[in-house]
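Undergrad: show me the folded form of this:
(2 chains)
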Amino acid sequence: MDLSLLFAQALSGLSRGMMLFLIASGLSLIFGVMNILNFAHATLWLVGAYACYTFWFLLQTHDFAVWLAIPLAALSVGLVGWVIEVVLIRRVYDRELPEQLLLTYALVLILGDLIKITWGVDDKLIARPAMLSEPVYIAGVPIDSYFIFVIAVGFAVYLALWWFLQKTRYGHIVRAAVFSREMVSALGIPIPIIYTGVFVLGIFIAGLAGAIQGPVGSVTLGMDMAVVIQAFCVVIIGGFGSLPGTMVSSIIVGEVYAFSILFWPGGALALIFILTAIVLIVRPWGLFGTPLRA
Amino acid sequence: MGKKKWTWAGAVFAALLLLPTVLGEFWVLVLTEILIMGLFAVSFNMIFGYMGQLSFGHAAYYGVGAYTTGLLMVKFGLPLGPSLLASMVMAGAVALVLGYFCIRLTGIYFAILTMAFGQLIFYIIFQWYSFTGGDNGLQGIKPPPMLEGAWSYYYFALLVVTAAVAVMWVISESPFGYTMRAIRDNIQRTRFVGLNTKKYMLINFVVAAMFAGLAGGLWGPFNRSISPDLCNWHQSGVPVFMTIIGGPAGFVGPLIGSVIYTFLMAFVTGFTEYWPLTIGIIITMVVLFLPGGVWGLVERYGAALPAREGPPDDPEGGTP
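TA: This is a model prediction of the structure:
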């Protein structure tokens, strides 16, 4: 097999992995801190993509349309996340796992139909910004420049999150809350505010990811359904609440997907599920997680 | 089983026997769906309500059952009866292999592993064009001539579902059923008593999957066609919804849930395409304001009704 093809495939896998990282990092953070598995995470990601379409549509006469539409969409989705947290999630903090799971699953159904009502059933296309519409040549291999953009944003968000969690006071509180909410609460830190903050941050990143996904291809109804399961797989493989774990497993899943398409088309997702099942059986807390809360 | 329960069970069965004589074809079809989905939901609750674990891949066994009956009838020309038995065996066999791993985990990890395995089964069926027809599904699953009418298939389903539910009831009231409750309430203590909890959990998992397979087997000839969506994770959500609406603490909870869910769906889809929105709002309301489901409500306010199944100090009953 041609080396340049392998290189192109690896980059496409990396870009796919970075998109998964952007979705899974928030999912992992929310589960790590709040112990809530958010089924609706990818649906909010899709809301981000549609919101990006709307802002782009309103601004499309300007050159900077997409560049402004992406942050506006991310902020809007963050706002939606805040409303969901305050109105719904807050009420089920101390409920059992199945009820929390079901509430976020119900959100998938509600948001899915609201998307349909708001944006209709037609696919939406967002024109790429001029500087990202031409392929770039790396060692003579044409690479979709938008892939490079997605990869760059993925790493930037990783670094920003790492800095936040490792270097800031609030980040320390969040990390402490992953290990022991009781202890954090005993130190006089208001847990509900931390919860709301973490939830909104996670949803904001999902919204950002969705907005960036918008110009990749067309935005379609139901896109979230396949993605949410893959994001779960990433979080499981990496370990709930572990940022480096989520990064590594995102890359693994992205690359497994990209390369299995070459060798075994159709088996990509099956391989990912098998990988997830193996990790769950051998190391339920994930590659980088700690078995503390397993 | 107390006298009151027999009276209730008898009254419900009599109603199910007589109702179709006054209903039109559409509502007989809805009733049949209620029965099949009710069986599916009760089998799910063997794992959820009695063992205390949330399976998010139960549709895999329902789908395996549906495809076993469908393929045996369409490709091999086997009659319905033996096909249904094969569905149970096949679903049980798959559950034996996958369940071996699943029962090692609990809580969220159990839910996700069952889901990952469920999706794996879904993709196998989805991709295996030459055998399962892939996403085209499988058409032309015809019940035998004497069961072709809506009414006759309804009575056939009533017979099969009643027998299956009765067997599950007997299991739930047997020492085995009480072992399951013990595992749900405190797995460590159960182990200390000297019971092999893993073995019991695996048996329960397999039995639950067998009945899900039977429900799936009944679905194909009823619907005349099947598709891989029958084992996708959305389908796994349906028995969870039914059980949460009806109430997981009582044996009849999932059946009540199936009646409410299926009836509502038939009713709502009659005038709007936004069924997911409707059921989403209903689920949200039930989770927020009606923990314990309808059966929980009945038990709280209907002192005259049969005693509850769950431990008295646990308002959620079957939840882990």
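Undergrad: what about the worst-scoring helix or strand of chain B on mean pLDDT, near chain A?
TA: In chain B, the helix or strand scored least confidently by mean pLDDT, DSSP states H and E is helix B:293-301, which has a mean of 81. No - no part of helix B:293-301 sits near chain A under the criterion Cβ under 8 Å from any Cβ of the partner chain; the closest distance found is 10.8 Å. Bear in mind the C-beta positions are built from the backbone N, C-alpha and C, glycine included.
Undergrad: what residues does that helix touch?
TA: Judged by Cβ atoms under 8 Å, 6 or more residues apart in numbering or on different chains, the contacts made with helix B:293-301 from elsewhere in the structure are B:243-250, B:252-253, B:256-257, B:260, B:286, B:290, B:292, B:305, B:308, B:315, B:317.
Undergrad: how many neighbours does the residue lying closest to residue A:181 once chain neighbours are set aside have?
TA: Take residue A:181 and drop its neighbours on the chain: the residue closest to it by Cβ to Cβ, 6 or more residues apart in numbering or on different chains is residue A:191, 6.0 Å away. Neighbour count of residue A:191, defined by other Cβ atoms under 10 Å in any protein chain shown: 16.
Undergrad: test my guess that residue A:191 contacts residue A:180.
TA: No - the pair residue A:191 and residue A:180 does not pass the contact test of Cβ atoms under 8 Å, sitting 11.0 Å apart.
Undergrad: enumerate the residues of chain B near chain A.
TA: Counting by Cβ under 8 Å from any Cβ, chain B sits next to chain A at B:48, B:54, B:56, B:101, B:104-105, B:107-109, B:111-113, B:115-117, B:119-120, B:123-124, B:127, B:233-234, B:237, B:240-241, B:244, B:274, B:276-277, B:279-281, B:283-284, B:287-288, B:291, B:316, B:319-320.
Undergrad: tell me which helix or strand the residue nearest the centre of chain B sits in.
TA: Centroid check for chain B by Cα atoms, centre = their mean gives residue B:40 as the closest residue, at 1.7 Å. In this assignment (DSSP states H and E), residue B:40 forms part of helix B:25-48.
Undergrad: cool, and residue B:14?
TA: Applying DSSP H and E as the criterion places residue B:14 in helix B:3-18.
Undergrad: tell me which other helices or strands that helix touches.
TA: helix B:150-173 (3 or more Cβ pairs under 8 Å, 6 or more residues apart in numbering or on different chains; DSSP states H and E).
Undergrad: contact residues of the stretch 151-294 of chain A facing chain B?
TA: Counting by Cβ under 8 Å from any Cβ, the positions of the stretch 151-294 of chain A adjacent to chain B are A:225, A:229, A:232-233, A:236, A:266-267, A:269-270, A:273-274, A:276-277, A:280-281, A:284, A:294.
Undergrad: buried ones among those residues?
TA: Neighbour counting over these (16 or more other Cβ atoms under 10 Å in any protein chain shown) leaves A:225, A:229, A:232-233, A:236, A:269-270, A:273, A:276-277, A:280, A:284, A:294 as the buried ones.
Undergrad: with pLDDT added, can I get these in a markdown table?
TA: As requested, those are exported to a markdown table (pLDDT from 0 to 100):
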| residue | pLDDT |
| --- | --- |
| A:225 | 85 |
| A:229 | 88 |
| A:232 | 91 |
| A:233 | 91 |
| A:236 | 90 |
| A:269 | 83 |
| A:270 | 85 |
| A:273 | 88 |
| A:276 | 89 |
| A:277 | 88 |
| A:280 | 86 |
| A:284 | 81 |
| A:294 | 39 |
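Undergrad: need the contact list for the nearest residue to residue A:107 once chain neighbours are set aside.
TA: Once its chain neighbours are removed from consideration, residue A:107 has its nearest residue in residue A:40; the separation is 3.8 Å (Cβ to Cβ, 6+ apart). Contacts of residue A:40 were listed using Cβ under 8 Å, 6+ apart, and they are A:84, A:104-105, A:107-108, A:111.
Undergrad: and residue B:259, which helix or strand is it part of?
TA: Counting by DSSP H and E, the element that carries residue B:259 is helix B:253-268.
Undergrad: in that helix, what's buried?
TA: Taking 16+ other Cβ under 10 Å as the basis for neighbour counts, the residues of helix B:253-268 that come out buried are B:253-262, B:265-266, B:268.
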